[in-house]
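Would you be able to build a 3D model of this:
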Amino acid sequence: MAARHFLTLNDLTTNELEALLDHASKLRQEWHAGKVRDSLKNRVLAMVFEKSSTRTRVSFEAGMTQLGGSAMFLSPRDTQLGRGEPIEDSAIVISSMVDAVMIRTFGHETVERFASASSKPVINALTDEFHPCQLLADMQTYREYRGSIKGATVTWVGDGNNMCNSYINAAAQFDFHLNVACPEGYEPDAKLLEQYGERVSIMRSPEEAAKGSNLLVTDVWASMGQEDEQKARERAFQDYQINPELMAVADKDALFMHCLPAHRGEEISTDMMEHPGSVVWHEAENRLHAQKALLEFLILNRLD
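Sure, this is the predicted structure:
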């Protein structure tokens, strides 16, 4: 059987995603109850990092350990990936020795090329274009607080980046509408907008986008690799902040999420993390549980 990969949310069906999130919530409950699970005993995850990380490394490494397996950290200094050896050759060799490969890198083409040659499941742990693992955690968190997100309105405030692109995929997969409030020139991927245009509304006013919304989400103004654009982005995004005033325009039960790290005083106000609607810490922990469910699904081809 050919390996299943998780490069975007679209690599799984809606039913598979729903079942995976149900299982992730079950794993969260079991972990908090102290239940020991060894479903991935003797299994190995290779973790290839070309971009630095906190939550991604800790959640995948801890997740494999909690499931009885192990994780191997590989930085660009530790491998030949990107140092002359073709990506496909690296994929053939690495996948012959492990049970799954997680890659956090720059261009999305890198994970696509790796997956095309890999005999084992490949997980996109972030590229410049998509961040599907974070969306699993976000969707799990919404379900645990508010139930199904089907039919809801979600508002994205800020840059049309990899997170925003993944929210567009999520809107299609989980059947909600996405309002994107961004400055001109910072829109999400044009092909995604063309493909899912009926799911997405592009707006310039955060207040307009947030009206009646059930979930407000944002990310830093300048992502990794965009540090030289920081000043220009600060000027462009100065009116694109999630704060209590913007939350007041949304639905009275609206939630606030952020993939972290957050820059207080920029994309969020200094007090936003402590807002009654903020679920960012619950969301951050769910990276662990959603990814454990994903690893079991891809490696064992089951959820139980």
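
where does this structure have its least confident helix or strand?
helix 230-236 (a mean of 88; mean pLDDT, DSSP states H and E).

Return the set of buried residues in it.
233, 236 (16 or more other Cβ atoms under 10 Å). Placement of C-beta: from N, CA and C, glycine included.

who's in contact with that helix?
159, 183, 185-186, 221-222, 226, 266 (Cβ atoms under 8 Å, 6 or more residues apart in numbering).

Going by distance to S95, which of the residues you listed wins?
Among the contacts of helix 230-236, Q226 lies closest to S95 (Cβ to Cβ), at 31.4 Å.

of the contacts of helix 230-236, buried ones?
159, 183, 186, 221-222, 266.

Take these and write them to JSON lines, including secondary structure and pLDDT.
Shown next, in JSON lines, are these (DSSP: H, G, I helix; E, B strand; the rest coil; pLDDT from 0 to 100):
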{"residue": "D159", "secondary structure": "coil", "pLDDT": "96"}
{"residue": "P183", "secondary structure": "coil", "pLDDT": "96"}
{"residue": "Y186", "secondary structure": "coil", "pLDDT": "96"}
{"residue": "W221", "secondary structure": "coil", "pLDDT": "90"}
{"residue": "A222", "secondary structure": "coil", "pLDDT": "78"}
{"residue": "E266", "secondary structure": "coil", "pLDDT": "95"}
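
Could you dump those into CSV with distance to Q230 added?
Below are these laid out as CSV (distance: Cβ to Cβ, whole Å):
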residue, distance to Q230
D159, 12
P183, 15
Y186, 14
W221, 8
A222, 5
E266, 10
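
Phi first, then psi, for V101.
phi -130, psi 130 (degrees, to the nearest 10).

Would you check that it makes contact with S95?
Yes. Contact criterion Cβ atoms under 8 Å: V101 and S95 qualify, at 6.1 Å.

how much space between the residue of the chain most remote from its centre and M247?
Here the centre of the chain is the reference, and by Cα atoms, centre = their mean the most remote residue is G84, at 29.6 Å. G84 sits 50 Å away from M247, going by Cβ to Cβ, to the nearest Å.

now what about the following helix or strand past the least confident helix or strand of the chain, what contacts it?
Using DSSP states H and E, the helix or strand that follows helix 230-236 in sequence is helix 244-249. Helix 244-249 has contacts (Cβ under 8 Å, 6+ apart) with 157, 206-207, 210-211, 216, 254, 256, 269, 271-272, 275, 277.

So for V101 and S95, which sits in the more crowded spot?
V101 (28 against 21; other Cβ atoms under 10 Å).
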